[in-house]
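Chemist: test case, fold it:
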Amino acid sequence: MIEGKWDNAWEPVVEAFTRNFTEMGEQGAALAIYRFGEPVVNIWAGVRDNQGAGVTGQPWQEDTCVNIFSVGKALVALCVLQLAERGSLVLDKPVADYWPEFAQENKGDITIRQVMCHRTGLSAFRGLLEYEDIFDWQKMVDEIAALKPWWEPGTAQGYSPFIYGWILGELIKRASGCASFDDYFQREVAQPLGIRCRFGVPPEQQVHLADTAPLKNPNGLVINSHGADSLALGKIMKADPRGVTNRAFGNPVSFMTATNSPAWRQAQIPAANGHTNAVALARIFGALANEGRLDDVELLSPAQRQLCSQELSAEDDRVLGLRLRFGHGFMLPQDRPDCRFGRGATAFGHPGSGGSLGFADPDYGLGFGYVTSRMGQSLLIDHRAIRLIDAAYQHVINA
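Modeler: This is a model prediction of the structure:
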């Protein structure tokens with residue numbers, strides 16, 4: 001049963017959301033949409049634990065939070081752009097100007113802007129890490145400071161699934177004077193917008209989080225909806241077990257196996273372990289789609305907001321094995337269904353592993369937040385989210 005509120009004109013979006021449960025194996029999810037700074041859709045359904053849809057399942061609530069994985073990269077980028085607007089960070093300055101230890105292994109010329117568009121060669125750790133290492137912030141930043149790039153920085157694009165977040169998170173921490181990255185995020189984004197979104201969830205709050213699990217169809221079979229790109233990625237990883245792609249996602253193995261654990265949820269892993277809900281994402285991206293402002297809160301000035309959709313890099317990615325476009329920490333759309341965040345020319349956003357998605361489309365004033373606990377295998381935008389996006393624009397364009 002779908003719960004929530006929506007304007008009648010958005011009924012096709014609600015119908016598409018319902019079909020994800022009846023046809024695509026969705027078991028717990030939420031969707032929220034803002035248009036021109038106003039909420040138009042806020043719906044949720046299903047259960048938030050791994051007990052299934054039976055009597056033992058805990059119902060999904062409006063404020064249920066779940067791991068959004070790489071959608072968090074966009075939220076990290078927002079914080080960097082805020083600090084750049086205030087002059088606390090300069091995007092074309094080297095990271096080492098703010099973090100001197102980072103200059104090891106000839107990394108002294110890598111700029112903040114290169115980190116934001118994945119052109120550093122710092123996509124994976126070389127030496128094998130221990131399972132617990134990723135839960136220790138200081139351990140990770142020390143490892144990154146000593147890391148040698150996989151190729152000459154600036155010469156190629158290579159998606160950084162995890163390291164991106166620690167680099168920028170450490171810069172945010174140093175430039176703001178906050179005790180942690182999440183402290184800054186709470187002060188400058190979450191609290192002003194009145195949203196629930198944390199990077200590092202206290203133990204006493206973890207009982208309310210949704211568990212993640214593989215997406216299965218109504219017959220109980222794992223849905224294989226990833227397409228040729230994800231298959232190609234798997235071949236790359238098998239062909240070179242010690243290569244950058246394999247180690248980007250699997251070194252250490254806790255990157256892949258620990259995501260429901262208390263240690264993962266409590267740690268700060270900015271590129272991959274933000275926990276939030278659909279309304280929070282819709283409010284953030286709704287502000288960015290609305291000249292950077294929502295209600296009385298200005299996240300970015302209109303001029304600074306334009307950097308979100310400014311293309312910095314567009315080429316075949318050395319890690320993911322397909323062509324991608326990046327702005328300042330945000331993915332930019334391409335003419336393919338699994339990479340079309342919006343229909344406007346200035347749309348930007350970020351998908352998360354398994355299916356969650358947030359994006360802004362300033363041309364149509366649209367802020368979109370979708371979260372799910374059932375992880376599909378699509379490499380970029382999941383088929384469930386594509387269905388929701390198509391339904392939303394069917395209304396927006398025809399209105």
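Chemist: OK, contacts around Q205?
Modeler: R198 (CB atoms under 8 Å, 6 or more residues apart in numbering). C-beta: built from backbone N, CA, C; applies to glycine.
Chemist: separation between it and I284?
Modeler: According to CB to CB, to the nearest Å, Q205 and I284 sit 20 Å apart.
Chemist: now do T18
Modeler: Per CB to CB, T18 is found 25 Å from I284.
Chemist: so P202 sits against A267, correct?
Modeler: No. Taking CB atoms under 8 Å as the definition, P202 is not a contact partner of A267, at 11.7 Å.
Chemist: just give the nearest non-adjacent residue to the most centrally placed residue in the chain, would you?
Modeler: Closest to where the C-alpha atoms of the chain average out (CA atoms, centre = their mean) is V71, at 1.0 Å. Spatial nearest neighbour of V71, excluding adjacent residues (CB to CB, 6 or more residues apart in numbering): G352 at 4.0 Å.
Chemist: correct me, but the one you found touches V66?
Modeler: No. Counting by CB under 8 Å, G352 stays clear of V66, with 9.7 Å between them.
Chemist: coming back round to it: neighbour-wise, which of P202 and A267 wins?
Modeler: A count of neighbours by other CB atoms under 10 Å puts A267 above the other of P202 and A267, at 20 against 9.
Chemist: helices or strands up against the host helix or strand of N42?
Modeler: Here N42 sits within strand 38-46, counting by DSSP states H and E. Other helices and strands packing on strand 38-46, by 3 or more CB pairs under 8 Å, 6 or more residues apart in numbering; DSSP states H and E, are strand 3-6, helix 11-23, strand 28-35, helix 278-288.
Chemist: per-residue pLDDT of A232, please?
Modeler: On pLDDT, A232 comes in at 57.
Chemist: out of the helices and strands in this protein, which is least certain?
Modeler: Here the helix or strand of the chain ranked lowest by mean pLDDT, DSSP states H and E is helix 227-239, holding a mean of 58.
Chemist: around the closest residue to D142 other than its chain neighbours, how many other residues sit close by?
Modeler: Excluding the flanking residues, the one nearest D142 by CB to CB, 6+ apart is E101, at 7.7 Å. Counted with other CB under 10 Å, residues neighbouring E101 total 13.
Chemist: try L128
Modeler: L128 is flanked by 11 other residues according to other CB under 10 Å.
Chemist: pretty sure it is in a helix, no?
Modeler: No. Counting by DSSP: H, G, I helix; E, B strand; the rest coil, L128 is not found in a helix; it is coil.
Chemist: show me what contacts it?
Modeler: Counting by CB under 8 Å, 6+ apart, L128 makes contact with 251-252.
Chemist: pLDDT score assigned to it?
Modeler: On pLDDT, L128 comes in at 96.
Chemist: for it, what are phi and psi?
Modeler: phi -70, psi 130 (degrees, to the nearest 10).
Chemist: just give the nearest non-adjacent residue to D49, would you?
Modeler: D49's closest residue in space is Q58 (CB to CB, 6+ apart), at 4.7 Å.
Chemist: that neighbour contacts G46, correct?
Modeler: No. If you go by CB under 8 Å, Q58 and G46 don't touch, sitting 10.0 Å apart.
Chemist: neighbour-wise, which of the two wins?
Modeler: G46 (24 against 16).
Chemist: separation between that one and I68?
Modeler: With CB to CB as the criterion, G46 and I68 are 17 Å apart.
Chemist: got a list of what R343 touches?
Modeler: Going by CB under 8 Å, 6+ apart, R343 touches 361, 363-364, 393, 396-397.
Chemist: Throw those residues into TSV and include distance to F341, secondary structure and pLDDT, thanks.
Modeler: Output for the contacts of R343, formatted as TSV (distance: CB to CB, whole Å; DSSP: H, G, I helix; E, B strand; the rest coil; pLDDT from 0 to 100):
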residue	distance to F341	secondary structure	pLDDT
D361	7	strand	98
D363	12	coil	97
Y364	11	coil	97
Y393	11	helix	96
V396	14	helix	87
I397	15	helix	84
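Chemist: of those, just the buried ones, ChimeraX syntax please.
Modeler: With 16 or more other CB atoms under 10 Å as the criterion, this ChimeraX line picks the buried residues out of the contacts of R343:
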select :361,364,393,396
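Chemist: make TSV from the contacts of R343 and add distance to S160 to it.
Modeler: Formatted as TSV, the contacts of R343 follow (distance: CB to CB, whole Å):
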residue	distance to S160
D361	25
D363	29
Y364	30
Y393	30
V396	33
I397	35
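Chemist: right, and A347 touches F341 too?
Modeler: Yes. Assessed by CB under 8 Å, A347 is found in contact with F341 at 4.8 Å.
Chemist: mind listing the shared neighbours of these two?
Modeler: 332-333, 359, 361.
Chemist: hang on, the earlier thing: wait, the residue nearest to the centre of the chain sits on H275?
Modeler: No. Using CB under 8 Å as the test, V71 is too far from H275 to be in contact (10.8 Å).
Chemist: now stretch 46-62: average pLDDT?
Modeler: Averaged across stretch 46-62, pLDDT comes to 77.
Chemist: what about that stretch, start to end distance?
Modeler: One end of stretch 46-62 sits 11 Å from the other (CA to CA, to the nearest Å).
Chemist: on that earlier part again, ok, so of the shared contacts of A347 and F341, who is nearest G25?
Modeler: F359 (23.2 Å; CB to CB).
Chemist: the closest one and G344 touch, don't they?
Modeler: No. Taking CB under 8 Å as the definition, F359 is not a contact partner of G344, at 10.1 Å.
Chemist: JSON lines for the shared contacts of A347 and F341, including secondary structure and distance to L78?
Modeler: Shown next, in JSON lines, are the shared contacts of A347 and F341 (DSSP: H, G, I helix; E, B strand; the rest coil; distance: CB to CB, whole Å):
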{"residue": "L332", "secondary structure": "strand", "distance to L78": "15"}
{"residue": "P333", "secondary structure": "coil", "distance to L78": "18"}
{"residue": "F359", "secondary structure": "strand", "distance to L78": "13"}
{"residue": "D361", "secondary structure": "strand", "distance to L78": "16"}
